[in-house]
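Enquirer: From the sequence below, what's the structure:
(one chain, ligands or ions: 1)
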Amino acid sequence: MSTPRRKISMSSKQKPLRIAILGQNGVGKSALTVRFITRRFIGDYDPDLEKVYACSRCIDGESVTLELLDTAAQEEKSRLEDHIKWAEAFILMYSVTDRCSFGEVSRLKFLINSYSKKQRKSVSSPDSAMTSTPVVLVANQVDRIHDRMVTQEEGFQRSLELSCLSFYEISVRENIDSVFKIFEDIYLMCRKPRKCRQQLCKQLSLPAFINEEKPEETMDTTATLNRRRKAIFTVS
Ligand SMILES: Nc1nc2c(ncn2[C@@H]2O[C@H](COP(=O)(O)OP(=O)(O)OP(=O)(O)O)[C@@H](O)[C@H]2O)c(=O)[nH]1
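Expert: Below is the predicted model:
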């Protein structure tokens with residue numbers, strides 16, 4: 001007697017969230033990806049290695065699948081274009097010890113804007129509260145305090161200029177919690193934008209989370225709110 005097969009409809013399964021990690025060579029893209037997946041910090045990686053990792057995590061009480069593309073830095077333009085079209089969200093990474101890598105994030109954001117424009121038009125869902133491509137800016141290697149070349153304020157300003165959804169300063173080597181927070185935030189921004197906004201509002205009433213350095217009277221209300229919104233994602 002044949003056993004009846006249980007049908008699993010595709011719609012009942014959550015679609016994996018595809019995240020591409022982009023940045024100049026040596027900023028820590030592989031370190032970030034591997035740290036998130038294995039919890040371990042591994043010192044050296046093959047710079048030419050380009051890999052998609054799939055992993056399941058419990059985020060916001062749900063089991064979710066993430067696909068992470070760890071890109072190789074020296075990519076041909078067409079390859080980069082394919083990667084940008086593949087991903088739904090992006091981590092733009094630089095190292096605070098390398099000003100060149102800081103400049104590279106602007107070029108990469110420009111390419112993300114150009115290549116993902118058409119793509120997003122066709123996939124935008126009614127639930128999506130994010131009108132632009134979800135991109136976060138991550139400054140890595142803050143543990144190398146004596147080698148720092150890019151200040152936190154510069155990084156934060158750049159995240160505003162590039163319209164990134166949030167900005168983080170982290171050390172992949174020293175702090176695993178900040179690594180987890182980045183991926184969790186991206187998931188919430190992409191899949192639960194409403195909840196994400198509620199959390200932001202809650203946190204906005206906690207000034208301790210806000211990293212304000214400039215006097216508020218120099219900015220209009222919207223700019224101040226945007227600044228706060230982004231500031232609270234900063235993990236030092
Ligand atoms: N001190 C310190 N070193 C780090 C950190 N993150 C990565 N590194 C080191 O930086 C070097 C480059 O890291 P990778 O993860 O290979 O950088 P990548 O961006 O993937 O580089 P490519 O593969 O060449 O594009 C390695 O030697 C890592 O051990 C960090 O937070 N602190």
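Enquirer: Next, count neighbours for residue 85.
Expert: 12 (other Cβ atoms under 10 Å). C-beta coordinates here come from the backbone N, C-alpha and C atoms, glycine included.
Enquirer: buried set for stretch 84-94?
Expert: Residues 84, 87-94 are the ones in stretch 84-94 that count as buried (16 or more other Cβ atoms under 10 Å).
Enquirer: Could you work out the end-to-end span of that stretch for me?
Expert: 18 Å (Cα to Cα, to the nearest Å).
Enquirer: avg pLDDT for it?
Expert: The predicted model assigns stretch 84-94 a mean pLDDT of 96.
Enquirer: Mark which of the buried residues of stretch 84-94 are part of helices, please.
Expert: Those of the buried residues of stretch 84-94 mapping onto helices are residue 84, per DSSP state H.
Enquirer: Among the buried residues of stretch 84-94, which one lies nearest to residue 145?
Expert: residue 94 (16.4 Å; Cβ to Cβ).
Enquirer: My guess is residue 132 contacts residue 163. True?
Expert: Yes - judged on Cβ atoms under 8 Å, residue 132 makes contact with residue 163 at a distance of 6.1 Å.
Enquirer: quick one: which of the buried residues of stretch 84-94 is nearest residue 113?
Expert: Of the buried residues of stretch 84-94, the one sitting nearest to residue 113 (Cβ to Cβ) turns out to be residue 84, at 9.4 Å.
Enquirer: Noted, bye for now.
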